[in-house]
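S.K.: Make a model of this:
(one chain, ligands or ions: 1)
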Amino acid sequence: MTLLVGAIADDFTGATDLCNTLVKEGMRTVQVIGVPDDTTDIGDADAVVVALKSRTAPVDLAVSQSVAAHDWLTAHGAAQVVEKYCSTFDSTADGNIGPITDALMERSGAQIAVICPAFPENLRTIYQGHLFVGADLLSDSSMKDHPLTPMRDASLVRLTEAQSKGKAGVVPLQVIRQGPAAIRDAIASLQTQGFSYAVTDAIDPEDLRAIGAAIASHPLVTGGSGIATGLPDNFRATGQLGKAHNPRLPTPTGRKLVLAGSCSQATRQQIARVQDTWPTRKLDIDALATGTDIAAELADWALNTPADTPVLIYSSSDPAEVTDLQAKYGREAIGEKVEQTLGRIATQLVANGFDTLVVAGGETSGAVVSALSVRALRIGPEIAPGVPWTETLGGPPVALALKSGNFGGETFFEDAFGMLT
Ligand code: ADP
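M.R.: Residues are numbered from 1 along each chain as shown. As a prediction, this is how the structure comes out:
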């Protein structure tokens with residue numbers, strides 16, 4: 001079986017989110033970390049999502065990595081490439097989305113590219129070319145104050161044109177609701193009028209399915225994870241993809257570990273739920289900040305806990321304590337030290353019999369994956385919305401559940417391990 005869909009995501013958890021959509025639509029999906037090369041193992045994947053850190057990277061680097069990922073994906077058979085960005089179109093004023101789209105259009109020969117960040121299940125909708133977050137225009141939502149990518153305009157036409165070379169037009173909801181043939185005609189008409197980008201309205205998942213059906217022949221598709229909803233069915237219609245594939249759970253045999261570096265409320269509740277039942281240690285941040293090697297000590301401690309119970313190691317503090325620690329040691333410095341320490345603990349424990357890890361926190365997950373030198377993940381079934389079980393490829397398999405801090409209910413840790421027994 002050859003690769004069908006390739007994707008390039010501009011951040012790590014965004015890539016996992018897209019993988020989750022493709023898996024739910026029945027594709028065997030692998031997430032690759034960084035631009036793949038000859039040594040990258042993608043198993044028997046129908047879809048590969050390359051996770052880059054290109055959202056806020058310097059534009060030249062963002063473009064060159066995206067083009068390299070594109071070339072690798074098409075060389076491995078991908079008939080269609082998805083450029084995945086955030087459903088709130090997160091980008092800097094100069095933007096990286098526009099330059100990446102232009103470069104990928106040139107590379108793929110695409111004459112027009114759909115622009116569709118809509119993700120209705122998460123209340124990101126597009127109407128008359130304007131992006132909404134819940135009931136608010138993007139520019140009135142909390143995204144207006146984002147520390148790295150403040151979004152102060154909700155017009156996807158203006159945002160796209162400001163970042164890229166061509167002109168953008170809209171395929172309005174009235175046309176979307178007429179179905180795939182009408183959408184195809186509308187996109188073709190925009191193309192003949194000299195537009196390079198078609199902003200497609202979408203306010204519910206069926207709109208995304210109709211758009212997906214209309215763009216079966218597009219070599220390049222751009223959008224949020226929702227834009228992939230309708231793509232697998234196109235390959236099913238042509239006989240290239242079989243029946244919906246049921247994602248496989250990892251089958252680990254070793255010990256279970258939770259590493260939590262997120263200080264978000266959901267993670268703190270998840271910790272509170274198990275900390276009196278499972279062997280638990282909190283990172284001593286003062287010791288860490290003053291240079292003590294607490295990673296080795298904590299790894300030793302974990303190795304001497306009873307083998308039949310999961311172990312929890314966390315750094316998470318409540319907001320007041322975080323503020324104090326940040327004031328004492330510096331926000332970035334302490335964040336980085338915590339991330340590095342959790343990464344080193346992961347490495348030491350994985351080398352000594354732990355092979356089932358839940359990691360809480362987006363940055364923390366990135367640090368652990370990089371400490372473990374993970375190159376690719378096979379995506380398994382969903383534990384909670386947006387968080388699948390995954391399994392590392394290209395070495396002894398490790399089961400990893402990587403969750404953004406605020407994701408998952410109170411019983412997430414037990415739910416995750418419970419699925420594997
Ligand atoms: P989330 O997904 O909740 O945003 P992240 O892992 O992305 O979680 O970010 C949490 C950040 O906070 C990380 O950089 C982590 O190292 C840092 N951190 C963790 N614990 C503490 C703490 N007790 N004090 C200060 N910073 C912390």
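S.K.: Pop out the phi and psi values for the residue nearest to A266 when sequence neighbours are not counted.
M.R.: For A266, ignoring the flanking residues on the chain, the nearest one in space by CB to CB, 6 or more residues apart in numbering is N406 at 4.8 Å. Bear in mind the C-beta positions are built from the backbone N, C-alpha and C, glycine included. When read as degrees, to the nearest 10, the backbone of N406 gives phi -80, psi 0.
S.K.: Do you know the pLDDT at N406?
M.R.: We have a pLDDT of 80 for N406.
S.K.: So it versus D201, what's the distance?
M.R.: Here the criterion is CB to CB, to the nearest Å. By it, N406 lies 28 Å from D201.
S.K.: do P117 as well
M.R.: From P117 to D201 the distance is 12 Å (CB to CB).
S.K.: higher neighbour count, the two?
M.R.: Using other CB atoms under 10 Å as the criterion, P117 and D201 rank with P117 on top: 27 against 23.
S.K.: residue contacts, that one?
M.R.: Going by CB atoms under 8 Å, 6 or more residues apart in numbering, P117 touches 85-89, 124, 126, 131, 156, 223-224, 226-227.
S.K.: At which residues are the strands of the stretch 1-150 of the chain located?
M.R.: Listed in chain order, the strands of the stretch 1-150 of the chain (DSSP state E, counting those that start in this stretch) span 5-9, 29-33, 47-51, 80-84, 113-116, 124-127, 130-133, 136-137.
S.K.: circling back: where neighbours are concerned, which of the contacts of P117 has the most?
M.R.: I126 (32 neighbours).
S.K.: And it, how far from L208?
M.R.: 10 Å.
S.K.: can you count the residues close to the closest residue to the ligand within the stretch 1-150 of the chain?
M.R.: Nearest residue of the stretch 1-150 of the chain to the ligand: T13, at 8.0 Å (CB to the nearest ligand atom). When neighbours are defined as other CB under 10 Å, T13 has 20 of them.
S.K.: same thing with G239?
M.R.: By the criterion of other CB under 10 Å, G239 has 7 neighbours.
S.K.: Ok, the one 5 residues further on next?
M.R.: The number of residues packed near A244 is 14, by other CB under 10 Å.
S.K.: Spatially nearest residue to it, not counting backbone neighbours?
M.R.: Leaving aside its chain neighbours, A244 sits nearest to G26 (2.9 Å; criterion: CB to CB, 6+ apart).
S.K.: V82 too?
M.R.: A7 (4.0 Å).
S.K.: contacting residues around the one you found?
M.R.: 15, 18, 22, 47-50, 73, 81-84, 228 are the contacts of A7 under CB under 8 Å, 6+ apart.
S.K.: And the ligand, is the strand or helix carrying A287 touching that?
M.R.: Assigned by DSSP states H and E, A287 belongs to helix 285-289. Yes: counting by CB under 6 Å from any ligand atom, contacts between helix 285-289 and the ligand involve I285.
S.K.: which secondary structure elements does that helix contact?
M.R.: The contact analysis (3 or more CB pairs under 8 Å, 6 or more residues apart in numbering; DSSP states H and E) places helix 285-289 against helix 319-329, helix 331-350.
S.K.: what does the first one contact?
M.R.: Meaning helix 319-329. Outside helix 319-329, the residues within contact range by CB under 8 Å, 6+ apart are C263, I285, A289, S317, I334, K337.
S.K.: Kindly report the same for the longest one.
M.R.: The set of residues that contact helix 331-350 without belonging to it, under CB under 8 Å, 6+ apart, is 255, 257, 259, 261, 283, 285, 288-289, 294-296, 298-299, 302-303, 313, 315, 325-326, 329, 357, 359, 363-364, 366-368, 370-372, 398.
S.K.: in the chain, which segments are predicted with low confidence?
M.R.: Where the chain drops to pLDDT under 70, the residues are 1.
S.K.: who touches stretch 402-412?
M.R.: 13, 16, 262-267, 269-270, 273, 358-362, 365, 368-369, 383-387, 390, 415.
S.K.: which residues in the stretch 251-400 of the chain form helices?
M.R.: Using DSSP state H, counting those that start in this stretch, the helices of the stretch 251-400 of the chain run over residues 265-274, 285-289, 294-303, 319-329, 331-350, 362-371.
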